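> Sequence and predicted structure, then a few things I'm wondering about:
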Amino acid sequence: MATPKRTRRKPYVETSAFLSMLRRMVVAAGKRVGRADVEDLRELLAIRDELDGAIQHAVDGLRADGYTWQSIGEGLGVTKQAALMRWGRKTDAS
């Protein structure tokens, strides 16, 4: 007997605790680099670049799930126009 096809659903993930932990880790990394060598600043800067990419990925995912620029802007604490200008793709602006 064949295994029935399962519909692909997004699992519910509690993000607030995860993001809180991540925030503490970033703060700790800054303090640690402050007591380390100047060469370690590059690694801390790379974290910022990764964070920018993660925000873009999150916005893209929310848009793909049907969230409006208005709701994304509200979540970011900016206007929908500001959210679209900063995180929108060329295809979104048309």
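Received it, and whenever you're ready, just let me know what you need.
> Which strand or helix spans the residue nearest to the spatial centre of the chain?
The residue lying closest to the centre of the chain (Cα atoms, centre = their mean) is Ile55, at 2.9 Å. Per DSSP states H and E: Ile55 is located in helix 41-64.
> List the buried residues of that helix.
Neighbour-count burial for helix 41-64, counted by 16 or more other Cβ atoms under 10 Å, picks out Val59, Leu62, Arg63. C-beta coordinates here come from the backbone N, C-alpha and C atoms, glycine included.
> So which elements touch it?
helix 15-34, helix 69-76, helix 80-87 (3 or more Cβ pairs under 8 Å, 6 or more residues apart in numbering; DSSP states H and E).
> could you redo the last one with a cut-off of 7 Å?
helix 15-34 (3 or more Cβ pairs under 7 Å, 6 or more residues apart in numbering; DSSP states H and E).
> Counting by contacts, list what the helix it packs on packs against.
helix 41-64.
> Excluding residues flanking it in the chain, which one is nearest Trp69?
Lys80 (4.1 Å; Cβ to Cβ, 6 or more residues apart in numbering).
> cool, Val26 as well?
Per Cβ to Cβ, 6+ apart, closest to Val26 is Ile47, 6.6 Å.
> Distance of the nearest residue to Ala83 once chain neighbours are set aside relative to Ala17?
Leaving aside its sequence neighbours, Ala83 sits nearest to Gly73 (Cβ to Cβ, 6+ apart; 3.9 Å). Distance of Gly73 to Ala17, given as Cβ to Cβ, to the nearest Å: 25 Å.
> What of Gln56?
With Cβ to Cβ as the criterion, Gln56 and Ala17 are 23 Å apart.
> about what we covered before: in contact with the residue nearest to Trp69, which residues are there?
When contacts are counted by Cβ atoms under 7 Å, 6 or more residues apart in numbering, Lys80 touches Trp69, Gln70, Gly73.
> Filter those down to the buried ones, ChimeraX style.
Isolation of the buried members of the contacts of Lys80 (16+ other Cβ under 10 Å) is achieved in ChimeraX through the command below:
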select :69,73
